[in-house]
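>>> Predicted model and sequence follow; I will ask about them next.
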Amino acid sequence: MSEPLIEIKDLRVEFNVREGIVKAVDGFNLTINRGETVGVIGESGCGKSVTARAILNMVPKPGKVTSGEILYYRRSKENPSDGQSRTTDVLDLTKLDPDGETIRQVRGGEIGMIFQEPMSSLTPVYSVGTLINEAVSLHRLSPVKRVGAQITETIQTHRRVTKAEGRQIAIEMLRKVGIPKPNERVDSYPHQLSGGQRQRVMIAIALSCEPVMLIADEPTTALDVSIEAQILDIMRELQESSDMAILFITHNLGVVANMAHEIVVMYMGKAVERAKVQDLFYQPQHPYTRSLLQSIPKLGQKKSGERLASIAGSVPDPFHLPPGCVFHPRCPAFMPGRCDTITPQWTQVGDDHWASCLLYEEAGK
Amino acid sequence: MLNYIVRRLVYAVILLVLISFVSFVIINLPPGDFLTQKIEQLRARGDRSAESRVEDYRVRYGLDKPFMTRYATWVVNFAQGDFGESFEYERPVKELLGERVTFTIVLALATLIVVWALAIPLGVYSAVKQYSLGDQIITSISFIGIGMPGFLLALLILYYAVTVLNIEATGLFSQQYVEAPWSWGRVIDLLNHLWIPAIISAITGIGGLTRIMRGNLLDTLGQPFVEAARARGLANRAVIWKHAVRIAINPLIVILGSEALPGILGGGGLVSIVLNLPTITPLFVDSLKKLDMYMAGTCIVLFSLLLLVGNLLSDLALAWVDPRIRLE
Ligand SMILES: Nc1ncnc2c1ncn2[C@@H]1O[C@H](COP(=O)(O)OP(=O)(O)OP(=O)(O)O)[C@@H](O)[C@H]1O
Ligand SMILES: [Mg+2]
């Protein structure tokens, strides 16, 4: 455990739009270990989706990664039984050619992604089976046992999965994500499925290539609460059986509490606090995190699909960011003269618990 | 699917019946039909046999019978391939139209192929490279194409062909092949002539279709499923063609039947007149001027038939490519 898989270091992504430059991600750091689930939470527009896309090197135009790196500790997929031990390369994903061979192998093959809008994330003219098959045929190799001519030794080689095998994998995956009658559903088209089923299919596609990490960008936001619970259950089950890391993006604290080992709170493109789930919920340190927790609707009042209840004030204008700590205009613990002048640093505030707030930095430092 | 096809066919037949009736009514609307004119003419010439010839016509076309009876006779004969006689030329309409129907269809198809073969890649390029120099050039030319009437373009090209290239740009055949029976040489000759009218009719069509393709594709490229396809590791080319263009092109198939084909038949008509092409349109326009009712009626019905078949084919093509319609 605790072997890093992805390290995001000081990532900055800017959108150069007519009105000016939006710093969508502004010096963001994050480490995701193998097999772990990290939750990223924050208000709408704080840069969660942009960060996720940066990992796959597909920030939409006119966005650009302006600095920082995203290191991916890539293990060779070679089978250890052929004598060679696994090697780990370090790739900086932001430096790859966005349409090159390497990033295309990573996308879908090693890092899968599911999206916020299940209703429109499946190409409407292809059947579920076709879509899964397409992904599988790009990324998955099936082992072939061959008997060597001279030595009676079994050599493992690989070849592309055939159509028939792809279909079998598709059916198998649909069964795993809990789609009833997978043999029939494999030939269904997206419009014949409900929103929940479509999201299951998205998960099936993402997992069909056995990725080492899954990025789930608000996978249940568009679904109603009971379906949401089912989808989350499936993701958790599949993760346990596959040792896959998950980057779980959400703005729903309730959801992330059940899914993640560790949580990163994001505000205006920056990480403001990072902690284990328990610590974050019971000992939140950053005033922003505290406000988020207070804004959780009380039990019995929760309406389905409700966004975070509002925190005092509103998200600042991205073209005129406040000086010092960007949260200071809304902060209940605002310290005049400090918070509006000094940019807070990433400070350790407990065991495995970090925050970026001047409350925890010694005065005058 | 079968249900869908049958339904479309039934609609097409109903529509055809309505059109035939309306065209027959229109043909009979103008005061003073062809016959009255003919009588005047014959009388003016002092033709002795005028009265009896007129009488002949009356009986032959049942002109003294009630309207509905005349209509019924016309429809029944039409269905059997007897389109009546042209008063103007005093020859059967069928004979006069003859090959022209084939040429009209060939020209429309040739135009469509040119339009699609050029407009789709241009539109795709324009959208994928939005705001690039290439896109701006394509966009400007498209607007010129949309704004420029086909017949004007035909005149310009005609002028250019005759004065500069010194080739004959009118007609569909060279002199020696006009009346010749079909042969390999005649086909080659046809193809040699066909490209000029095809390109002229196409240029106007290309502009519009390129713009539509560009707009549709830009919309589609912003759809989540395109991003999802990219996130699955597909190459850019596959994302664009298999996931974006594949969706963005569907509305064009509808346009093909409902707008492109009629546009080509109509716009191609003027071009046909300017270039003196043996298509239906010149005869049709002429027949309207001369109140040559059987000729005019036949042309209207034939045009409608071409449009209906075109519509039907595009409906079927759409169902074929889009499961949302096929499985409805
Ligand atoms: N295509 C784009 N063009 C211009 N600006 C963009 C674009 N995409 C994102 N941004 C900017 O980047 C910022 C972060 O957007 P992002 O989509 O990452 O937010 P988010 O945290 O995922 O929010 P949500 O919870 O609403 O999904 C936004 O403030 C937005 O202004
Ligand atoms: Mg988002």
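Yes, it's here. Ligands and ions are numbered 1, 2, ... in the order given.

>>> And A:His353, how far from ligand 1?
23 Å (Cβ to the nearest ligand atom, to the nearest Å). In this view, the C-beta of every residue, glycine as well, is placed from N, C-alpha and C.

>>> That residue: what's it in contact with?
A:Glu273, A:Arg274, A:Ala275, A:Lys276, A:Asp279, A:Leu280, A:Gln283, A:Gln285 (Cβ atoms under 8 Å, 6 or more residues apart in numbering or on different chains).

>>> okay, those in TSV with distance to A:Leu321 next?
Supplementary listing: the contacts of A:His353 in TSV, determined by distance: Cβ to Cβ, whole Å:
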residue	distance to A:Leu321
A:Glu273	19
A:Arg274	22
A:Ala275	25
A:Lys276	30
A:Asp279	29
A:Leu280	25
A:Gln283	29
A:Gln285	23
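
>>> Make a markdown table out of those and add secondary structure, distance to ligand 1 and neighbour count.
Output for those, formatted as a markdown table (DSSP: H, G, I helix; E, B strand; the rest coil; distance: Cβ to the nearest ligand atom, whole Å; neighbours: other Cβ atoms under 10 Å in any protein chain shown):
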| residue | secondary structure | distance to ligand 1 | neighbour count |
| --- | --- | --- | --- |
| A:Glu273 | strand | 16 | 27 |
| A:Arg274 | strand | 17 | 26 |
| A:Ala275 | strand | 20 | 25 |
| A:Lys276 | strand | 22 | 16 |
| A:Asp279 | helix | 23 | 19 |
| A:Leu280 | helix | 18 | 27 |
| A:Gln283 | coil | 25 | 12 |
| A:Gln285 | coil | 22 | 23 |
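
>>> Return the member of the residues you listed nearest to B:Thr210.
The closest of those to B:Thr210 turns out to be A:Arg274 (Cβ to Cβ; 51.1 Å).

>>> What does the pLDDT read for the residue of chain B found nearest ligand 1?
Shortest chain B-to-ligand 1 distance, computed as Cβ to the nearest ligand atom: residue-wise this is B:Gly222, at 9.0 Å. Confidence at B:Gly222, expressed as pLDDT, is 94.

>>> How about B:Val254?
Per-residue pLDDT puts B:Val254 at 85.

>>> My read is that it contacts B:Ser314, right?
Yes - in this structure B:Val254 lies within contact range of B:Ser314 using Cβ atoms under 8 Å: 6.4 Å.

>>> Looking at the two, which is more packed in?
With other Cβ atoms under 10 Å in any protein chain shown as the criterion, B:Val254 and B:Ser314 differ in neighbour count, and B:Ser314 comes out ahead with 19 against 15.

>>> Might one say that the more buried one is in contact with B:Leu252?
No - the criterion here is Cβ under 8 Å, and B:Ser314 misses it with B:Leu252 at 9.4 Å.

>>> How about residues contacting stretch A:87-96?
A:11, A:54-57, A:65, A:68-76, A:102-103, A:106.

>>> For the stretch 101-250 of chain B, just list every one of the helices.
Assignment of helices within the stretch 101-250 of chain B using DSSP state H, counting those that start in this stretch yields the ranges B:133-147, B:150-160, B:184-221, B:224-231, B:236-238, B:246-248, B:250-255.

>>> Quick one: low-confidence residue ranges for chain B.
The model of chain B has pLDDT under 70 over residues B:29-39, B:42-43, B:46-50, B:53-54, B:57, B:60-61, B:267-268, B:328.

>>> give the contact list for the residue in the stretch 1-150 of chain B that chain A sits nearest to.
When distances are taken as Cβ to the nearest Cβ, the stretch 1-150 of chain B reaches nearest to chain A at B:Gln130, 8.9 Å away. Applying Cβ under 8 Å, 6+ apart to B:Gln130 gives the contacts B:Leu218.

>>> Could you check how far it is from B:Ala231?
Computed with Cβ to Cβ, to the nearest Å, the distance linking B:Gln130 and B:Ala231 is 21 Å.

>>> What about residue 311, how many residues nearby?
Going with chain A. By the other Cβ under 10 Å criterion, the neighbourhood of A:Ile311 contains 19 residues.

>>> um, chain B though
20.

>>> How about A:Val90?
Neighbouring residues of A:Val90 were enumerated by other Cβ under 10 Å; the total is 11.

>>> how about the helix or strand containing it: buried residues?
With the criterion set as DSSP states H and E, the secondary-structure element containing A:Val90 is strand A:88-92. Judged by neighbour count (16 or more other Cβ atoms under 10 Å in any protein chain shown), strand A:88-92 contains these buried residues: A:Leu91.

>>> which parts of whichever helix or strand comes after it are buried?
Counting by DSSP H and E, the next helix or strand C-terminal to strand A:88-92 is helix A:101-105. Across helix A:101-105, burial judged by 16+ other Cβ under 10 Å covers A:Ile103, A:Arg104, A:Gln105.

>>> of all those residues, which comes closest to chain B?
A:Arg104 (4.6 Å).

>>> Partner strands of the strand holding A:Val90 and their direction?
Its sheet considered, strand A:88-92 pairs with strand A:63-75 (antiparallel) by DSSP bridges.

>>> CA atoms only for the strand it pairs with, dumped as CSV, please.
What follows is strand A:63-75, C-alpha atoms only, in CSV (Å, rounded to 0.1, in the frame of the first residue of the first chain):
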residue,chain,number,x,y,z
GLY,A,63,-7.7,25.8,-21.7
LYS,A,64,-4.0,25.2,-21.3
VAL,A,65,-1.8,23.6,-18.7
THR,A,66,0.6,26.5,-18.0
SER,A,67,2.8,24.9,-15.4
GLY,A,68,3.2,22.0,-13.0
GLU,A,69,3.3,18.3,-13.7
ILE,A,70,1.2,15.2,-13.3
LEU,A,71,3.4,12.2,-12.7
TYR,A,72,2.0,8.8,-13.5
TYR,A,73,3.8,5.9,-12.0
ARG,A,74,3.2,3.4,-14.8
ARG,A,75,3.7,-0.2,-14.3
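
>>> For the stretch 1-150 of chain A, what lies in contact range of ligand 1?
Among all residues of the stretch 1-150 of chain A, those adjacent to ligand 1 (criterion: Cβ under 6 Å from any ligand atom) are A:15, A:17, A:22, A:24, A:42, A:44-50, A:60, A:63.

>>> For the residues you listed, which two are the farthest from each other?
Greatest spatial distance among those (Cβ to Cβ): A:Val17 and A:Gly42, at 20.8 Å.

>>> between the two, which one's more packed in?
A:Gly42 (24 against 12).

>>> about what we covered before: could I get the buried residues of helix A:101-105 as TSV with distance to chain B?
What follows is the buried residues of helix A:101-105, written out as TSV (distance: Cβ to the nearest Cβ, whole Å):
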residue	distance to chain B
A:Ile103	8
A:Arg104	5
A:Gln105	7
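
>>> Closest one of those to ligand 1?
A:Ile103 (19.4 Å).

>>> Next, the contact list for the closest one, please.
A:Ile103 sits next to A:Leu56, A:Asn57, A:Leu93, A:Leu96, A:Asp97 when contact means Cβ under 8 Å, 6+ apart.

>>> One more pass at 7 Å, please.
A:Asn57, A:Leu93, A:Leu96, A:Asp97 (Cβ atoms under 7 Å, 6 or more residues apart in numbering or on different chains).

>>> what do you get for A:Arg167?
Contacts of A:Arg167 were listed using Cβ under 7 Å, 6+ apart, and they are A:Gly129, A:Asn133, A:Val186.

>>> swap in A:His139?
Neighbours of A:His139 in contact, by Cβ under 7 Å, 6+ apart: A:Gly108, A:Gly109, A:Cys209, B:Gly233.

>>> Taking these, tell me the two that lie furthest apart.
Looking at the contacts of A:His139 by Cβ to Cβ, the two members farthest from one another are A:Cys209 and B:Gly233, with 8.1 Å of separation.

>>> rewinding a little: same list, the contacts of A:Arg167, but as a markdown table with neighbour count and pLDDT please.
As requested, these are exported to a markdown table (neighbours: other Cβ atoms under 10 Å in any protein chain shown; pLDDT from 0 to 100):
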| residue | neighbour count | pLDDT |
| --- | --- | --- |
| A:Gly129 | 21 | 94 |
| A:Asn133 | 24 | 93 |
| A:Val186 | 24 | 95 |
